[in-house]
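Participant: Here is my input, please return the structure:
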Amino acid sequence: CIFENNVITGSSVRGGAINSRGPLTISNSSFLGNSAQGTVRSSGGAIYCRSDLILRNCDFEGNYADGGGALDLQISSSNLLDATNCRFVRNHALSVGAVAAAGVDRVVLRECDFIENAATAGVEDMGFAGAIWASAVGEFEMTDCRFIRNVAFNSGALALNGVLDLDIRRCEFIGNVAEG
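Facilitator: Numbers count the residues shown, from 1 in each chain. As a prediction, the model looks like this:
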């Protein structure tokens, strides 16, 4: 599937292409130029999810929201973000350029690329991470991922806060910039 140039507007909006409260599995799909544009707050330029999210062979490029330019996964009873062979390219947001995960039980990323994502807010309490921000996460596992030229005020690639079990293997971090 191709989700392209979808826009959601309003006061506080979520999920430019998809807003899901139930388990979601997406394969072989592209999310291009989607946005959540809220007058107060927006999150998940491409996808906002409050349940398990499984992604296989998906591309996220040029998506925008205030938080989680591509994805925003939020607190639920039992959340899993499991992404394999996905690309996150030139997504942007004020606080987290590509992927925001808060209160999630488990994050598993395998063979994913994060390239030139940006959190554009130039203030300490907003520009958390160019690629990934994870907060209050039980397990965070990342294998064979690449982070290239991501930028934010606080952390160019990753910002991890309250992650209980961290496992990062064979990942590359190249030219990421924290501007703060």
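
Participant: Tell me what Gly38 is bridged to.
Facilitator: Beta-bridge partners for Gly38, by DSSP bridges, are Gly10.

Participant: let's number from 42 now, not from 1
Facilitator: Done: numbering now begins at 42, and the last item shifts to Gly79.

Participant: Verify the contact between it and Val48 for me.
Facilitator: No. Taking contacts as CB atoms under 8 Å, Gly79 lies outside contact range of Val48: 11.1 Å. Every residue, glycine included, has its C-beta placed from N, CA and C.

Participant: Neighbour count: those two, which is higher?
Facilitator: Gly79 (17 against 14; other CB atoms under 10 Å).

Participant: Let me see the contact set for the more buried one.
Facilitator: 50-54, 107 (CB atoms under 8 Å, 6 or more residues apart in numbering).

Participant: Need the per-residue pLDDT for the residue lying closest to Arg131 once chain neighbours are set aside.
Facilitator: For Arg131, ignoring the flanking residues on the chain, the nearest one in space by CB to CB, 6 or more residues apart in numbering is Glu157 at 4.9 Å. At Glu157, the predicted lDDT confidence score is 98.
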